[in-house]
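J.: Based on what follows, work out the 3D shape:
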Amino acid sequence: MIRIVTSARLRQLCAENMQAQERAREVQGKADQAYSGYIRKLHEVTARAEEAESDAAIIREEAVQLTAAVDDVAAELDAARAELAARADRIATLGKELQAARLESSSVWLLLHFGEPHSIHRTSEAAKDYTATLGAPRDGWVTDCECCRPAGEVAWRLMTFTTKEGRDAFMAP
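T.: Got it, this is the predicted structure:
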């Protein structure tokens, strides 16, 4: 089949073709803008997600560190409580020894180990005998008033207490 096209029809077809091409360019431009906007937003969302993951990892690490620190502090607190309980028991024992010595005689000997109360004895000889079992020498002892060095610098030291007349208390010389 042969079709004859007139020049007017050809011009009309060319004009419609140019309009269609112009419309296609406009639609393509809008599509490109929409696609580039989509890509830009995708990059922004990806960057925010990566930043959030990084922040979450940092927070998890800090939480682990804080948990470890709390555990350490709790352990130190338990150790301090145990030490306080041990010292309280030791003080109670020394108090009982002092009370027993008070009932038996008018003077007692307090044995100090590096300035800390260690035990109470009825005589200085009993204290020296006791420290000999712990490896201390029996010779070279001085009483607290005879030594000028601070109590914390002397391994073993004896300190005497006597009953004050008319009172129910012990006095250091």
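J.: now Met159: how far from His113?
T.: To His113, Met159 is 12 Å away according to CB to CB, to the nearest Å. C-betas here are computed from N, CA, C, even on glycine.
J.: What mean pLDDT does the helix or strand containing Ala63 get?
T.: Assigned by DSSP states H and E, Ala63 belongs to helix 7-104. For helix 7-104, mean pLDDT rounds to 90.
J.: which helices and strands does that helix pack with?
T.: If you count contacts as 3 or more CB pairs under 8 Å, 6 or more residues apart in numbering; DSSP states H and E, helix 7-104 packs onto strand 107-113, strand 116-121.
J.: Which one of those strands has the poorest average confidence?
T.: Among those, strand 107-113 carries the lowest mean pLDDT (a mean of 79).
J.: Report the angle between that strand and helix 7-104.
T.: Counting by axes from the mean of the first three to the mean of the last three CA atoms, to 10 degrees, strand 107-113 lies at 150 degrees to helix 7-104.
J.: Report all helices and strands that strand 107-113 contacts.
T.: helix 7-104, strand 116-121, helix 124-133, strand 156-163.
J.: distance between the shortest one and the chain's centre?
T.: Its chain's C-alpha centre and that of strand 116-121 lie 35 Å apart, by CA atoms, centre = their mean, to the nearest Å.
J.: Could you do the third one as well?
T.: Between the mean C-alpha point of helix 124-133 and the mean C-alpha point of its chain there is a distance of 43 Å (CA atoms, centre = their mean).
J.: cool, and the longest one?
T.: The chain centre lies 23 Å from the centre of helix 7-104; the measure is CA atoms, centre = their mean.
J.: Spit out the contact partners of the most centrally placed residue in the chain.
T.: The residue lying closest to the centre of the chain (CA atoms, centre = their mean) is Ala69, at 3.0 Å. Counting by CB atoms under 8 Å, 6 or more residues apart in numbering, Ala69 touches no other residue.
J.: Please determine how far it is located from Glu76.
T.: Going from Ala69 to Glu76 by CB to CB gives 11 Å.
J.: What residues does Ala63 make contact with?
T.: Contacts of Ala63 by CB under 8 Å, 6+ apart: none found.
J.: how close does it sit to Asp55?
T.: 12 Å.
J.: same deal with Leu98?
T.: Taken as CB to CB, the span from Leu98 to Asp55 is 63 Å.
J.: more crowded one of those two?
T.: When Leu98 and Asp55 are compared on other CB atoms under 10 Å, the one with more neighbours turns out to be Leu98, at 16 against 10.
J.: Not counting sequence-adjacent ones, nearest residue to that one?
T.: The spatially closest residue to Leu98, leaving aside those adjacent along the chain, is Ile120, at 5.2 Å (CB to CB, 6 or more residues apart in numbering).
J.: and the one you found, how far is that from Ile91?
T.: In terms of CB to CB, Ile120 sits 11 Å off from Ile91.
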